[in-house]
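A.B. asks: build me a model:
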Amino acid sequence: MDCKRLMLSLTIQLFLILFIIGQNKPAILFDVTYNLGFPQADLKNRYGNHLGISGGITYQPAKNHFNFGLGFGYYFGSNVKEDVLKIFRTSYEGLLIGEDQYLAEMKLKERAYLAQIYMGGLIPIGSQKIARQSFKWKLGFGFLQHKIRFVDDARAIRQFTTEYLQGVDRLTNGFALIPFLGYEFLSRKGLFSFYTGIEPIIGFTQNQRNYNYDTNESEFGIHRKDILINFKIGIYLPFYLNTDLEKIEY
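C.D. replies: Down below sits the predicted model:
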């Protein structure tokens with residue numbers, strides 16, 4: 001699936017939701033989030049732990065426990081357990097023979113992307129005088145994609161063309177279910193606002209390449225269960241559509 005088309009579709013759906021649920025002095029929340037992730041299930045056999053950066057936009061009605069939004073995440077790691085270039089490596093430190101017949105290194109990296117649309121809610125906890133403190137939950141539906149990225153810093157292994165690397169990059173994507181549980185601190189006085197929590201990503205994916213060149217086998221159409229356990233901490237940039245912040249209530 002084309003990622004740009006997916007993001008356009010999610011954006012249209014979000015604005016349809018905003019139109020339907022109405023006014024009531026809402027807040028628009030932009031967020032930027034840092035992620036620490038731990039692959040599980042089938043994904044654990046391919047990658048080690050990863051880091052990530054994500055962002056999103058959330059619509060928060062003033063007199064409603066529920067909110068809606070969309071987000072996009074980018075995840076990256078350097079621990080690729082599935083060595084798809086093993087059959088090409090020499091016995092000397094696992095290096096490859098470059099185009100100039102000298103030894104060279106090809107690094108394998110993890111790259112993953114997540115686009116989602118979500119809905120969630122807030123349960124007030126603690127004092128609400130200077131900040132809206134809440135137990136935060138949400139449930140997202142989206143599109144997860146991951147693959148192996150090849151890094152040839154010396155540009156010496158040009159015999160591995162883009163077309164060939166597509167036969168070993170294990171491009172995989174599919175539907176994902178994304179719950180979240182955490183804590184939110186949203187200042188009423190223009191101070192620092194943030195949230196933190198845990199976000200499992202449960203992907204029901206398939207390999208999208210017709211043939212794996214390194215194994216001489218096809219994994220096309222085989223169902224996978226790719227699970228990521230992400231720990232997140234993010235900051236908010238809130239915009240209130242009413243200047244009287246004290247009127248924002250549950």
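
A.B. asks: residue furthest from the geometric center of the protein?
C.D. replies: When each C-alpha in the chain is compared with the mean C-alpha position (Cα atoms, centre = their mean), residue 101 comes out farthest, at 39.3 Å.

A.B. asks: at which residues are the helices of the protein located?
C.D. replies: When secondary structure is read from DSSP state H, the chain shows helices at 3-21, 41-44, 162-165.

A.B. asks: distance of residue 147 from residue 171?
C.D. replies: Distance, residue 147 to residue 171, by Cβ to Cβ, to the nearest Å: 4 Å. Where you see a C-beta, it was placed from the backbone N, CA and C, and this is true even at glycine.

A.B. asks: OK, contacts around residue 175?
C.D. replies: Neighbour list for residue 175: 141, 142, 143, 144, 203, 204, 205 [criterion: Cβ atoms under 8 Å, 6 or more residues apart in numbering].

A.B. asks: who's it bridged to?
C.D. replies: Under DSSP bridges, the beta-bridge partners of residue 175 are residue 143, residue 204.

A.B. asks: what does the pLDDT read for it?
C.D. replies: Model confidence at residue 175, given as pLDDT, is 97.

A.B. asks: next one: it from residue 214, what distance?
C.D. replies: 27 Å.

A.B. asks: out of the helices of the chain, name the one with the poorest average pLDDT.
C.D. replies: helix 3-21 (a mean of 53).

A.B. asks: measure the nearest residue to residue 152 once chain neighbours are set aside to residue 177 for me?
C.D. replies: Distance criterion Cβ to Cβ, 6 or more residues apart in numbering; nearest residue to residue 152, sequence neighbours excluded, is residue 106 at 5.4 Å. As defined by Cβ to Cβ, residue 106 lies at a distance of 35 Å from residue 177.
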